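Asks: Dropping the sequence and predicted coords here.
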Amino acid sequence: METFNLILLIVGTLWSVIWFGVLLKLLVSPAVGGKAERGSGQLRDSASALI
């Protein structure tokens, strides 16, 4: 049972870090003015809707 909790903790942490990184990248990219990939606007809309 302890190993299962440990795996859940690691997966949850990784998921949070990845999601935070994606959100940060989406928020920073328009400010920098870099070329946004196609479909990133859709992702940004869904991300802002979730917040």
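Replies: Yes, it's here. Not measured: the values here are computed from a predicted model.

Asks: Could I get the buried residue list for the one helix or strand residue 3 maps to?
Replies: Element membership of residue 3, judged by DSSP states H and E, is helix 2-32. Judged by neighbour count using 16 or more other Cβ atoms under 10 Å, the buried positions of helix 2-32 are 23, 26. Bear in mind the C-beta positions are built from the backbone N, C-alpha and C, glycine included.

Asks: other SSEs contacting that helix?
Replies: Helices and strands touching helix 2-32, by 3 or more Cβ pairs under 8 Å, 6 or more residues apart in numbering; DSSP states H and E, are helix 40-50.

Asks: Would you enumerate the residues in contact with residue 2?
Replies: Contact criterion Cβ atoms under 8 Å, 6 or more residues apart in numbering gives no residues in contact with residue 2.

Asks: Distance check, it against residue 23.
Replies: 32 Å (Cβ to Cβ, to the nearest Å).

Asks: Show the average pLDDT along the helix holding residue 3.
Replies: For helix 2-32, the mean pLDDT works out to 88.

Asks: contacting residues for residue 1?
Replies: Per Cβ under 8 Å, 6+ apart, neighbours of residue 1: none.

Asks: And it, how close does it get to residue 21?
Replies: 31 Å.
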